[in-house]
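>>> predicted model and sequence follow; I will ask about them next.
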Amino acid sequence: MPTACITGASSGIGKEFAAQLAARGYSLILVARNTKALEELAAELACKCRIISCDLSKEAQCMQLAEELKPLDIHILINNAGFGDLDRFAQSDLSKSLDMINVNIKALHILTRKLLPELMKKDRGYILNVASSAGLLPGGPYMSTYYATKAYVTSLTNAIYQELQEVHSNVHISMLCPGPVNTNFNETANVTFALPGISAKRCVSYCLKEMSKGTLTIVPSPLMRAAVWGSRFTPKKILLSILSKQQKKKGLLTSKGTDEKSARTFSSSALYCLFMPVGALGFSAKLFCHFTDFTSGGDSHRICQLSDLSVPRLSFKFISGFSKAHIGDLAQSVRQAL
């Protein structure tokens, strides 16, 4: 019977991974701080379960967990444990931020580093790092530490993937980068997504299917995949300005920088609405630059740059189908960014 180890298994996506892998005939190693929740989960699952209570924000406990797992015949390691927080960076809880770095980065790094060589010796197995669509973006105002930790996860996973490819290993590593998912993440991070999230069941089902194919970057939501693609063509300053403006517009933070419980909204809907038109804007600008470069003998940088105000003016036709409010927000964000 194959074995899967899941960190952060007591709730959310981790709990759903446990349910679906149990249904596929895996025995499970469930890791989390909440021992009672793990025991309740194990009682619900029709499979062999081993419970390990561990605080992954503590390096010593992470190292101890890794040593405990090394001798075991693990087929899948799912580094799922992680959390976020919402606040202005200058006023954020430093202790909580450091715990976030320890869980989201250090624990994942330790377990991956310790267990990957064991998988490579057997020349089989999977490592799944649960990152976030945040890790595919340049940064997230008011969730700066969370975005930075997920960027670390995506960068690390990309590098390991290539190293495994070059030695023709049958060990596969993937990263799950979902958008909003209906879990208790919102409560922990003090946010409420404006766009309805996908279910944990749908997220995990899609993820396991893609992981088995050896897919590197797994983004379950088609809308999120489109948004991430569009963001590649969006000038960074404009994108950051939009992210910041939309969160503040929804009453995310008061003028003093504290959360308003009645209006904790991470405006994913606005994010999705604006990524694609701005992406089209950036893409059209690039085409225009190439064209002018060809016709002006290589002097296009004087005529058209992505940071030039002439670009938004030329490309506003791409967003003519959107509401006047969105167009106004985009125009203001462009002006602020430039």
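That came through, no problem. Numbering: from 1, shown residues only.

>>> from here on, contacts and neighbour counts on C-alpha atoms
OK.

>>> tell me the secondary structure at residue 153.
When classified by DSSP: H, G, I helix; E, B strand; the rest coil, residue 153 comes out as helix.

>>> pull up the per-residue confidence for it.
Per-residue confidence at residue 153 stands at 97 (pLDDT).

>>> please enumerate the helices of this structure.
Ranges of helices in the chain, per DSSP state H, are 12-23, 35-44, 59-69, 94-101, 108-122, 144-166, 185-189, 200-212, 222-231, 236-249, 268-295, 300-303, 310-315, 324-337.

>>> mind telling me which of these the model trusts least?
Ranked by mean pLDDT, these bottom out at helix 310-315, with a mean of 39.

>>> how is the chain carved up into domains?
Structurally, the chain divides into domains by automatic domain parsing as follows: 3-220, 228-337.

>>> for residue 41, what are its contacts?
10, 15 (C-alpha atoms under 8 Å, 6 or more residues apart in numbering).

>>> what do you get for residue 6?
14, 17-18, 28-31, 77-80 are the contacts of residue 6 under C-alpha under 8 Å, 6+ apart.

>>> and with 10 Å instead?
Contact partners of residue 6, counting by C-alpha atoms under 10 Å, 6 or more residues apart in numbering, are 14-15, 17-18, 28-32, 76-81, 128.

>>> one more: residue 219?
Here residue 219 is in contact with 132-133, 175-179, 203, 206-207, 210, 225-226, 228 (C-alpha under 10 Å, 6+ apart).

>>> buried subset of those residues?
Using 16 or more other C-alpha atoms under 10 Å as the burial test, the contacts of residue 219 include 132-133, 175-179, 203, 206-207, 210, 225, 228 as buried.

>>> make TSV out of those residues and add distance to residue 61.
Listed next are the buried ones among the contacts of residue 219 as TSV, based on distance: C-alpha to C-alpha, whole Å:
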residue	distance to residue 61
132	25
133	28
175	24
176	25
177	26
178	28
179	30
203	29
206	32
207	28
210	31
225	36
228	35
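
>>> out of those residues, which is nearest to residue 115?
Closest approach to residue 115 among the buried ones among the contacts of residue 219 (C-alpha to C-alpha): residue 175, at 16.3 Å.

>>> how near is the closest residue to that closest one other than its chain neighbours to residue 102?
The shortest distance from residue 175 to any non-neighbouring residue, by C-alpha to C-alpha, 6 or more residues apart in numbering, is to residue 129 (4.7 Å). In this view, residue 129 and residue 102 are 15 Å apart by C-alpha to C-alpha, to the nearest Å.
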